[in-house]
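> my questions are about this predicted structure, shown below with the sequence.
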Amino acid sequence: MLEGSLVKLPALSKSGVPNERVGVIHVHTRASDGSGTVAEVMEAAEKANLSFIAITDHNVALTPSELAEDPPDLPIISGVEIGTNAGHFLALGIPPSWQQPKTKNDRELLAAARAVGAFRILAHPFHPFTPWTDWKTSDFDGMEIWNEDAAWRQNSFFDLMDALLLYGENDQLALVRLASTPDDNFAKWDELLQQRRVAGICAADTHARIRLGIGKDWKFPGYVPSLKVAREHVLLPPDAGGGNPALASASELVQALKEGHSYCGLDSLYPADGFSFRVSNAQGSAGPGDTFHLAMPARLQISTPTGSSLPLIKIFRDGREIDEQEARTIDEPIAGPGRYRTELFLPQPGLSGFRRWTLWVFTNPVYVTAK
Ligand SMILES: [Zn+2]
Ligand SMILES: [Zn+2]
C-alpha cells in the first residue's frame, strides 16, 4: 500500500475558465439511501471545489428550505431519481417539493417530468441490476454515459479488494483505479444520435454508503472523494448569470446541460478544465451541443489542458472512429456533415496502474449539417 502514499493525484480547484462551471450530477442524501444530509453534501461539494451539484434522491424532491441552503456560487440543481418498471431516470430542474405521479409506468412518469420542464436523463442504462429496458420510447433528453456507482460495481472482486485496501491510504487513487470505459453506453448513445439529439453526461451516483448487513453500513465511497471523480463541465454563454457565468443560476445550468453544452472529465486523473473541442471555419465556430452549418471547408480543433501526461485522443463521426492520436492538440480538416464527438484517455498513475489507458474526457457532439 506504499503506492497509496506515493502517488499524488492533482488537487482540484474551481475552474478558472470564465464560461465553464464544473459540477456533479446524481447525488443521494439521507432523504433516500445516501448517508449524509443536504448540509453535509454541500460541505463536501465545497471541499471538492464544485460550482454546482444536482441532488437526486429516489422518488423524493428537495424542499424549498433545503434548496435555500445553496450559496450563489454553488447552486443546487433540484432533481429526483425516478424509479419505473423500465429502470431509473433523473429529472433535473423540477419544482421544489414536486410530487411525482403514483405509478411505476415509465411513459407516464417521463411525460409528467416533461410537463414540468425537467431535463430527463436515463440513469445507469446498462447497470447489472437496474438497467433501462424501454428503448422504444424516445421521450427523454439525455443519458448517463458514465455512472461511477455502476462503474465500480462492475469490477472484479480482486480489483475491488485491491482498491478497498488502497482506499484507506489514498481514496482518490482507489476510485481512479476502478474506472473502466462504458462501451455499451457509448454504442447506444451513438445509435440514438443517428436519430436525434441526446445529451450525454457523467454521473457520480454517490450514496456514501454500502449496506453490509442488518443495521450495518459502511460509508464507502465517501462524499468528498466521490465528488472529485466524474464531473460535468458546463459551457455557458457569456450572458449567463447576468453577464457573470460564475453566478449562473441552477436553471441556466440545466438549460445548458439539456442542450448538450458540456463535457465530462474524470478529473481525478487530471483536471480537464479548459479542454476545448470545436469545429470552425472563417464563417464561425461551434462547440459541444452546437449545430454547425457546413457551407465551406471547416476544421476540427481539440486542445487539452497543459500539465497532464500525453493523452490518447479518439475522434468519432457518426459513431465510427475516424482518428486516433497521442497528442495534446489536434487541428485537421473534417470530411463532411455528421455528429462529431471525442474521447480522451490518460494512463493510470502509479506502478500498479500499469499505465493502462483510462477514460478521462468525453464530449457531447458538435452537430455538423450540410448547408
Ligand atoms: Zn438508480
Ligand atoms: Zn442513484
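Good, I have the coordinates. Residues are numbered from 1 along each chain as shown. Ligands and ions are numbered 1, 2, ... in the order given.

> how about the stretch 151-300 of the chain: which residue is closest to ligand 2?
Here the residue of the stretch 151-300 of the chain nearest ligand 2 is D205; by Cβ to the ion that distance is 4.4 Å. Any C-beta I mention is one placed from the backbone N, CA and C, and that applies to glycine too.

> ok, now which ones touch that residue?
26-28, 123-124, 147-150 (Cβ atoms under 8 Å, 6 or more residues apart in numbering).

> one more time with 7 Å
Each residue near D205 by Cβ atoms under 7 Å, 6 or more residues apart in numbering is listed here: 26, 124, 147-149.

> what segments of the stretch 251-371 of the chain are strands?
In the stretch 251-371 of the chain, the strands defined using DSSP state E, counting those that start in this stretch lie at 262-266, 276-281, 284-286, 291-294, 299-303, 312-317, 320-326, 329-333, 338-347, 357-363, 366-370.

> show me what from the stretch 101-250 of the chain comes close to ligand 1.
Proximity of the stretch 101-250 of the chain to ligand 1 is assessed by Cβ under 5 Å from the ion, with A123 identified as the residues in range.

> now do the helices in the stretch 101-250 of the chain.
Using DSSP state H, counting those that start in this stretch, the helices assigned to the stretch 101-250 of the chain run over residues 106-115, 148-153, 157-167, 171-177, 183-193, 223-226, 250-258.

> before we move on, the earlier item: so which of the strands of the stretch 251-371 of the chain comes closest to ligand 1?
In terms of Cβ to the ion, the element of the strands of the stretch 251-371 of the chain nearest to ligand 1 is strand 262-266, at 18.0 Å.

> how close does L300 sit to T358?
According to Cβ to Cβ, to the nearest Å, L300 stands 24 Å off from T358.

> read off the pLDDT value for E3.
Reading off the per-residue confidence, E3 sits at a pLDDT of 61.

> actually, S226.
The score at S226 is 83. That number is its pLDDT.

> how about it: what's its closest non-neighbour residue?
Distances taken as Cβ to Cβ, 6 or more residues apart in numbering put T206 closest to S226, at 4.5 Å, once the chain neighbours are dropped.

> got the contact list for the one you found?
Under the criterion of Cβ under 7 Å, 6+ apart, the contact partners of T206 comprise 27-28, 34, 223, 226-227.

> where do the strands sit along the stretch 51-200 of the chain?
Counting by DSSP E, counting those that start in this stretch, the segments of the stretch 51-200 of the chain that form strands are 52-58, 76-84, 87-92, 119-122, 142-147, 199-203.

> what comes up buried for the fourth one?
Of the residues in strand 119-122, those buried under the neighbour-count criterion (16 or more other Cβ atoms under 10 Å) are 119-122.
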